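Chemist: Based on what follows, work out the 3D shape:
(2 chains)
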Amino acid sequence: MGKLILAASLGLTCLLSTATVALAEAPGTEDPNNWPQYNRTSNAWRYSPLDQINKDNVSKLSVAWIAQGGDITMGIQETPLAIDGVIYSITSGNRVAALDAKTGQEVWNYQPKLDPLTKKVLFSPYSRGVAVGDGKVFIGTVDGRGIALDQKTGKEIWQVQLTDFANCHGCNFTSPPVVAGDMLTFGSTAGELATQGKIFGVEAKSGKKVWEFNTIKDDPKSWPGTSGKYGGGGAWMPGTYDAETNTVFYGTGNPGKDFINEDRQGDNLYTDSIVALDPKTGNLKWYRQEIKQDVWDYDSAYEVLLFKKDGKDLIVHMNKSGYVFVLDKNDGSIENIWPVSDLKNFVKDIDKRTGELIGRVELPMNQETLICPSTFGGRSWNAGAYNPNTGLWYNNVLDFCGYLKPVAQKDDPKDYGTGHIGASDFGRLVMAPDGRKPGRLDARDPFTGERKWTHEMDVPGFASVLTTGGGLVFNGDPTGILRAFDADTGKVLWSFNTGSGMRSGIISYAVAGEQYILVPSGWGSYAAILLPALFPQLEKMPAASTLIAFKLPK
Amino acid sequence: MMYKLVLMTIACIFVGDAAYPQEDVPNLKDPTMIAAGHDLFLQKQCSRCHGEGGKGGINLTRRALDPRSVFQAIADGRMGSGLRMPASRDVLTDEEIWKATAYVMSISQQPK
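Modeler: Presented below is the predicted three-dimensional model:
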């Protein structure tokens, strides 16, 4: 009998191994037990193929462990990584920790001594993730450094100052670098800063800076006169590394001053663009600008998804305006453009073939103009998730507007706390004029925009979405409610109150044969400051910095 | 002696933000000062978080504020409830900070 059980077990093991190998060949399913990079796989789908937790049993999910991330200032904004039974986490002020993925027990931690100037600058102490490779954990710091730690011990291996932090209006890193072969690429904050945002190429082994790419093109036609000197741009979210073409794709930030285009009457390249760079040299392979001469703060900094479809290599990318650009991966030519919402008035439309803005609305100085979507965008920076089984891309949609009022402003890169935006604020937020709900979770075809289902929300979502092989979609909201949806229908199958709002990335991993859902909870960022004007229920939302791991009970 | 030292220490903690004696506080009800403070409030984008009239995400109009605490928050920044207000001491003079304080006091609830 014992031999029979052993034989059956071996057979099952072989079957499972075979299944794993077969799965590993499908895009988005490689390395199924881990979440080894910011968007899990190099196609940036945020899809975990794990299916132990599924539609039939998700209602039984229970808390496995809880860990505290430390400082709660501006909340927890990270997408943690999970590699071979270890969680790599970064929280406010660049505190990095390695945790046992089964228990949440801390293995090591590291916190850099930050420049005191970080207390004055606009985008700090945001920490959105780490990168892991070559036995090291890499971070970009909120004072403009790249740092490498030993993956096993957390001891510092090298560090390099990349931005001229004090002289560039506090430009820094709020997101992790991208591991691109033996190189790292770091994208700096800019946009609202009086600076020229850059992407840096650094040797992963030594920390030596090899190149920098200026997102402000040195071209008087694009930037007349001195308008490019503080043109902004930058690349403040992680790019996507495509090993097949040895290319790193980044989305860039908006031009400055955000709401005034009087002195920058050109295209303002390479702001609001996708740039395709050679990670060895920083050479530009191609670019596609999504918003020319932006005056509405519609960055292109969000995730770059890669697909193979009908023999074509495609990119799907959402601009902050809510328009989604479907591009040829090899040259950036346009395949399609579609909007996530019909609540848009900054243009009448964007030409689906040429990308031209049709009927753009300009902003007169010293007057309020109603612009939809607001400067939070048609979606915030928190990523969507694509499930290859349903063929659907799940995104939070923000359906509210803002009144923008440009006013004259002096350039001052030493005035760290004041945005280089040409206004007194980021816009007075208002609900949509037609009275619709202000947010929803949408499931759409990523190439056509056709909507399969939607889940309306009274307070829109500001966290990154997770979708899984168990046919589920997980989404968190600013009031702290985590929900699991049926990926096919949008039916809510389970919910849990995490105690604070979510502005972070939900992941899934497996260790010792058990699947976990890991949720960072802790409301923060400028969303926590600005949104209570429109959503009073968020005014008393407690801040936190908590990691909550869920699994099925044994 | 020790008792006096402890008493003084406790007193210092409780008036910790009273960096300016009462006589140094300018007339915060002066309309000219309030108007100048409003201009600074907009220029330095205090309105970004507090709204143009103080009714933004961090609403000032429903708060009872102390002028010295307001001065100190503008000068040195403030952390609370997980949120961070940047410091402005290097970009505003004391005189300007008092003007901004005057405007903030004019829109907040006055202490009873």
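Chemist: Which parts of chain B are helices?
Modeler: B:2-14, B:31-43, B:46-50, B:67-76, B:94-107 (DSSP state H).
Chemist: Tabulate these (a markdown table), appending mean pLDDT.
Modeler: Shown next, in a markdown table, are the helices of chain B (pLDDT from 0 to 100):
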| stretch | mean pLDDT |
| --- | --- |
| helix B:2-14 | 39 |
| helix B:31-43 | 97 |
| helix B:46-50 | 94 |
| helix B:67-76 | 95 |
| helix B:94-107 | 97 |
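Chemist: for those helices, which one ends up most surrounded?
Modeler: Greatest average neighbour count among the helices of chain B goes to helix B:46-50 (a mean of 24), per mean count of other Cβ atoms under 10 Å in any protein chain shown. No exception for glycine: its C-beta is placed from N, CA and C like everyone else's.
Chemist: For stretch A:196-209, buried residues please.
Modeler: Neighbour counts using 16 or more other Cβ atoms under 10 Å in any protein chain shown place A:196, A:197, A:198, A:199, A:200, A:201, A:202, A:204, A:207, A:209 of stretch A:196-209 among the buried residues.
Chemist: Among the residues you listed, which pair sits farthest apart?
Modeler: Greatest spatial distance in the buried residues of stretch A:196-209: A:196 and A:204, 25.1 Å, computed using Cβ to Cβ.
Chemist: circling back: tell me which of the helices of chain B sits nearest to residue A:53.
Modeler: helix B:46-50 (39.5 Å).
Chemist: Any idea how far that closest one is from the middle of the chain?
Modeler: 14 Å (Cα atoms, centre = their mean, to the nearest Å).
Chemist: Quick one: residues contacting the closest residue to residue A:507 other than its chain neighbours.
Modeler: Closest residue to residue A:507 apart from its sequence neighbours, by Cβ to Cβ, 6 or more residues apart in numbering or on different chains: residue A:35 at 4.3 Å. Residue A:35 sits next to A:48, A:79, A:80, A:81, A:82, A:83, A:507, A:508, A:509 when contact means Cβ atoms under 8 Å, 6 or more residues apart in numbering or on different chains.
Chemist: Rebuild those as CSV, extending it with neighbour count and pLDDT.
Modeler: Output for these, formatted as CSV (neighbours: other Cβ atoms under 10 Å in any protein chain shown; pLDDT from 0 to 100):
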residue, neighbour count, pLDDT
A:48, 32, 98
A:79, 29, 98
A:80, 29, 98
A:81, 27, 98
A:82, 25, 98
A:83, 19, 98
A:507, 26, 98
A:508, 29, 98
A:509, 28, 98
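Chemist: would JSON lines of these with secondary structure be doable?
Modeler: Shown next, in JSON lines, are the contacts of residue A:35 (DSSP: H, G, I helix; E, B strand; the rest coil):
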{"residue": "A:48", "secondary structure": "strand"}
{"residue": "A:79", "secondary structure": "coil"}
{"residue": "A:80", "secondary structure": "coil"}
{"residue": "A:81", "secondary structure": "strand"}
{"residue": "A:82", "secondary structure": "strand"}
{"residue": "A:83", "secondary structure": "strand"}
{"residue": "A:507", "secondary structure": "strand"}
{"residue": "A:508", "secondary structure": "strand"}
{"residue": "A:509", "secondary structure": "strand"}
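Chemist: what about residue A:212, how many neighbours?
Modeler: Residues lying near residue A:212 (other Cβ atoms under 10 Å in any protein chain shown) number 15.
Chemist: Can you tell me the SS state at it?
Modeler: strand.
Chemist: ok, now how distant is the residue in chain B positioned nearest to chain A from residue A:475?
Modeler: Residue nearest to chain A within chain B: residue B:82 (2.3 Å; Cβ to the nearest Cβ). Counting by Cβ to Cβ, to the nearest Å, the separation of residue B:82 from residue A:475 is 22 Å.
Chemist: higher neighbour count, the two?
Modeler: In this view residue B:82 and residue A:475 are compared by other Cβ under 10 Å, and residue A:475 has more residues nearby, 27 against 23.
Chemist: In terms of secondary structure, what does the host helix or strand of that one contact?
Modeler: In the assignment (DSSP states H and E), residue A:475 maps to strand A:472-476. Judged by 3 or more Cβ pairs under 8 Å, 6 or more residues apart in numbering or on different chains; DSSP states H and E, strand A:472-476 is in contact with strand A:392-398, strand A:439-444, strand A:466-468, strand A:481-486, strand A:514-521.
Chemist: so which of the ones you listed comes closest to chain B?
Modeler: strand A:514-521 (12.1 Å).
Chemist: relative to strand A:472-476, how tilted is the closest one?
Modeler: Strand A:514-521 runs at 20 degrees relative to strand A:472-476, counting by axes from the mean of the first three to the mean of the last three Cα atoms, to 10 degrees.
Chemist: show me the contacts for residue 51.
Modeler: No chain was given, so I picked chain A. Contacts of residue A:51 (Cβ under 8 Å, 6+ apart): A:468, A:469, A:470, A:471, A:515.
Chemist: ah, I was thinking of chain B
Modeler: A:425, A:428, A:533, B:57, B:59.
Chemist: Could I get the pLDDT score of whichever residue of chain A sits closest to chain B?
Modeler: Distances between chain A and chain B by Cβ to the nearest Cβ are smallest at residue A:543, namely 2.3 Å. At residue A:543, the model reports a pLDDT of 94.
Chemist: One more: residue A:218?
Modeler: Residue A:218 is given a pLDDT of 98.
Chemist: Chain neighbours aside, what residue packs nearest to residue A:286?
Modeler: Of all residues beyond its chain neighbours, the one nearest residue A:286 is residue A:332 (4.4 Å), with distances taken as Cβ to Cβ, 6+ apart.
Chemist: Check the one you found and give its pLDDT.
Modeler: pLDDT, read off for residue A:332, is 98.
Chemist: Would you check how far apart the residue nearest to residue A:66 when sequence neighbours are not counted and residue A:516 are?
Modeler: Leaving aside its chain neighbours, residue A:66 sits nearest to residue A:548 (5.3 Å; criterion: Cβ to Cβ, 6+ apart). Distance of residue A:548 to residue A:516, given as Cβ to Cβ: 10 Å.
Chemist: Run through the residues of chain B sitting next to chain A.
Modeler: B:42-45, B:47-49, B:51-52, B:55-59, B:77, B:79, B:81-84, B:86-88, B:90-91 (Cβ under 8 Å from any Cβ of the partner chain).
Chemist: dump the residue contacts of the residue nearest the centre of chain B.
Modeler: In chain B, the residue lying closest to the centroid (Cα atoms, centre = their mean) is residue B:70, at 1.1 Å. Residue B:70 makes contact with B:101, B:104, B:105, B:108 under the criterion Cβ under 8 Å, 6+ apart.
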